[in-house]
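Chemist: sequence first, then the predicted structure:
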Amino acid sequence: MIGVRQLDAASSAQIRLAAASTDLEQALQIQFAEENAVRGYVVTHDDSYLAADRPPDPDFDDALAKIASALRAQGLLRSLALVEDMRDAHRRWEQQVALPLIAGRESAGLRAMQSAGKLLTDEIGGDAARLRQDLRAARDDVQVALRRRINATVAISAGFVTLFAIVALAYAVAQAQAIARLERERTLVDALQRTLRVGGRRLPRTQMATAYASATRETLIGGDLLDAWSTGRDAGWLLIADASGKGIGAARHAAFAQYAIRALAAESTDPADVVTRFNRLFLDTFDDPGDFMVLFLGAFDATAGILRYASAGHATAFVRRGDAVEVLQPTGPIVGLGRDETYGTATVPLATGDVLLLATDGLSEARSPEGELLGEDRVAALLREGPLDPSALCGLLVATAETFSGGVQDDLAIVALRLTGERDEPEGAFDALEEAT
């Protein structure tokens with residue numbers, strides 16, 4: 001009977017930890033729903049956005065309370081601090097960001113308040129990632145203990161061994177099926193994402209490299225997009241974008257952006273016109289107020305030595321000329337806010353030896369264990385002092401982000417381009433973009 005009780009305790013622990021993992025994902029879904037509701041209301045001032053998910057939402061605290069109960073029952077007392085940190089950050093997000101935005105109290109400025117909200121939601125996401133790791137490690141420990149107890153039961157009763165071996169086998173089959181479902185989704189998203197990252201062609205008279213670093217395996221690959229294509233012997237387009245959300249939905253938005261922008265660019269030579277039309281098309285296609293996209297679209301002319309670009313809220317964009325680094329400022333808001341948004345086109349001169357660097361926010365917003373952001377200034381300094389070779393530069397930036405944050409917390413995509421001035425390829429034939437590792 002001792003073996004039976006031990007096996008029953010291990011089974012109960014498995015169920016308890018699995019429920020805690022489910023509660024954690026539910027809490028994150030609640031947070032995401034609240035963010036979308038507030039974002040939709042701020043953009044439209046339509047009360048219907050707040051009908052179902054108006055902050056404060058007590059279900060978030062209820063989910064965390066269930067997690068805390070499971071942790072105490074399992075003796076994972078050190079992990080309780082992560083739950084408390086998540087609860088505190090969520091409460092601060094509701095009180096300091098969400099409710100003031102709903103009430104129209106934006107004295108600090110909308111951008112500053114949204115930035116503060118981003119810091120808090122990142123803090124919640126970081127705590128959740130560490131808590132996932134703790135729960136996964138605890139489940140692994142319970143499984144090891146379960147196997148040991150099954151083996152120990154052999155000396156007591158072969159009948160009990162057979163019974164619980166069947167139970168363990170049934171559990172293993174169910175777990176394998178669940179893992180297989182997750183893996184199929186991850187494989188689908190990963191295949192689509194690889195297509196988006198390396199489907200482009202090297203622009204004329206340049207060296208180009210890309211890099212991509214994924215966040216934890218529990219977070220499905222997101223909507224980062226890199227693309228480049230030629231429009232002649234000495235000209236081409238360059239695109240980098242980051243769609244909101246994660247997983248298949250975000251990858252679907254990125255795929256839509258890639259092919260829609262290519263089609264629109266075939267009919268126009270003005271980046272601002274392409275982005276303005278794409279913004280309207282995006283809103284016509286996706287009606288969820290939580291869907292948005294940050295992007296940078298550049299039209300490169302090697303003969304004239306210029307890059308004409310439109311930037312929809314894309315922050316990490318630089319040009320290095322010798323020891324000087326220029327910041328390429330956004331020319332309009334993020335895509336998906338409203339149909340009447342307009343975008344400008346900026347022109348940047350580029351000469352032989354200049355380096356263009358573009359990256360999604362997973363680079364500048366890499367966060368140290370103390371909560372400090374890597375920041376645009378550090379990225380600019382790395383570009384100024386780093387190698388001119390695009391592949392080496394991409395590798396340096398990814399390694400720095402991983403070291404600074406102790407592991408990538410958000411997906412990041414980087415493209416680096418250096419002008420060579422050499423017409424080293426025949427018309428229409430360019431190498432596939434290299435992916436730096």
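Modeler: Alright, I've got the coordinates. A quick note: this is a predicted structure, and the numbers were derived from the prediction, not measured.
Chemist: so where's the stretch 1-150 of the chain shaky on pLDDT?
Modeler: The model of the stretch 1-150 of the chain has pLDDT under 70 over residues 1-12, 14, 36, 39-40, 43-53, 105-115, 145-150.
Chemist: sorry, wrong one. I was asking about the stretch 301-437 of the chain.
Modeler: Using pLDDT under 70, the stretch 301-437 of the chain drops low at 407-410, 423-437.
Chemist: quick one: the helices in it, in order.
Modeler: 361-364, 375-385, 390-405 (DSSP state H, counting those that start in this stretch).
Chemist: deepest-packed of the ones you listed, please.
Modeler: helix 361-364 (a mean of 24; mean count of other C-beta atoms under 10 Å). Heads up, the C-betas are built off the backbone N, CA and C, glycines and all.
Chemist: let's see that one as PDB, backbone CA atoms only.
Modeler: The C-alpha trace of helix 361-364 is given here as PDB (Å, rounded to 0.1, in the frame of the first residue of the first chain):
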ATOM      1  CA  ASP A 361      12.600  45.600 -31.100                       C
ATOM      2  CA  GLY A 362      13.800  42.300 -29.700                       C
ATOM      3  CA  LEU A 363      17.300  43.800 -30.000                       C
ATOM      4  CA  SER A 364      17.000  47.300 -28.400                       C
END
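Chemist: partners of Leu419 in the sheet?
Modeler: Beta bridges link Leu419 to Thr206, judged by DSSP bridges.
Chemist: strands along this structure, start to end?
Modeler: Using DSSP state E, the strands found in the chain span residues 206-213, 222-232, 235-246, 293-301, 306-312, 317-321, 324-327, 346-349, 355-359, 412-419, 434-436.
Chemist: mean neighbour count and distance to Thr121 for those - can I get that in CSV?
Modeler: Putting these into CSV (neighbours: other C-beta atoms under 10 Å; distance: least, C-beta to C-beta, whole Å) gives the following:
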stretch, mean neighbour count, distance to Thr121
strand 206-213, 24, 20
strand 222-232, 23, 14
strand 235-246, 23, 12
strand 293-301, 25, 16
strand 306-312, 23, 21
strand 317-321, 19, 23
strand 324-327, 13, 25
strand 346-349, 14, 30
strand 355-359, 26, 20
strand 412-419, 26, 17
strand 434-436, 18, 29
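Chemist: and of the ones you listed, who's closest to Asp59?
Modeler: For those, proximity to Asp59 was assessed by C-beta to C-beta; strand 235-246 is nearest, at 20.5 Å.
Chemist: that closest one packs against which elements?
Modeler: Contacts defined by 3 or more C-beta pairs under 8 Å, 6 or more residues apart in numbering; DSSP states H and E place strand 235-246 against strand 222-232, helix 247-265, strand 293-301, strand 355-359, strand 412-419.
Chemist: nearest to Thr206, of the ones you listed?
Modeler: Per C-beta to C-beta, nearest to Thr206 of those: strand 412-419, 5.1 Å.
Chemist: and the nearest residue to Gly344 once chain neighbours are set aside, how many neighbours does it have?
Modeler: Excluding its sequence neighbours, the residue lying closest to Gly344 (C-beta to C-beta, 6 or more residues apart in numbering) is Thr331, at 4.0 Å. Neighbour count for Thr331, taken as other C-beta atoms under 10 Å: 21.
Chemist: quick check: Thr331 touching Thr345?
Modeler: Yes: taking C-beta atoms under 8 Å as the definition, Thr331 is a contact partner of Thr345 at 6.7 Å.
Chemist: need the residues touching each of those two.
Modeler: Contact criterion C-beta atoms under 8 Å, 6 or more residues apart in numbering; residues shared by Thr331 and Thr345: 272, 309-310.
Chemist: now, among the residues you listed, which is nearest to Phe60?
Modeler: Set against Phe60, the nearest of the shared contacts of Thr331 and Thr345 by C-beta to C-beta is Ala310 (37.9 Å).
Chemist: tell me who's in contact with the closest residue to that closest one other than its chain neighbours.
Modeler: Using C-beta to C-beta, 6+ apart and skipping residues adjacent in sequence, the residue nearest Ala310 is Pro271, 3.8 Å away. By C-beta under 8 Å, 6+ apart, the residues touching Pro271 are 297-299, 308-310, 343, 345.
Chemist: distance of Pro271 from Leu393?
Modeler: Distance, Pro271 to Leu393, by C-beta to C-beta, to the nearest Å: 24 Å.
Chemist: Asp59 now?
Modeler: Taking C-beta to C-beta, one finds Asp59 at 45 Å from Leu393.
Chemist: same question, Ala228
Modeler: Using C-beta to C-beta, Ala228 is found at 16 Å from Leu393.
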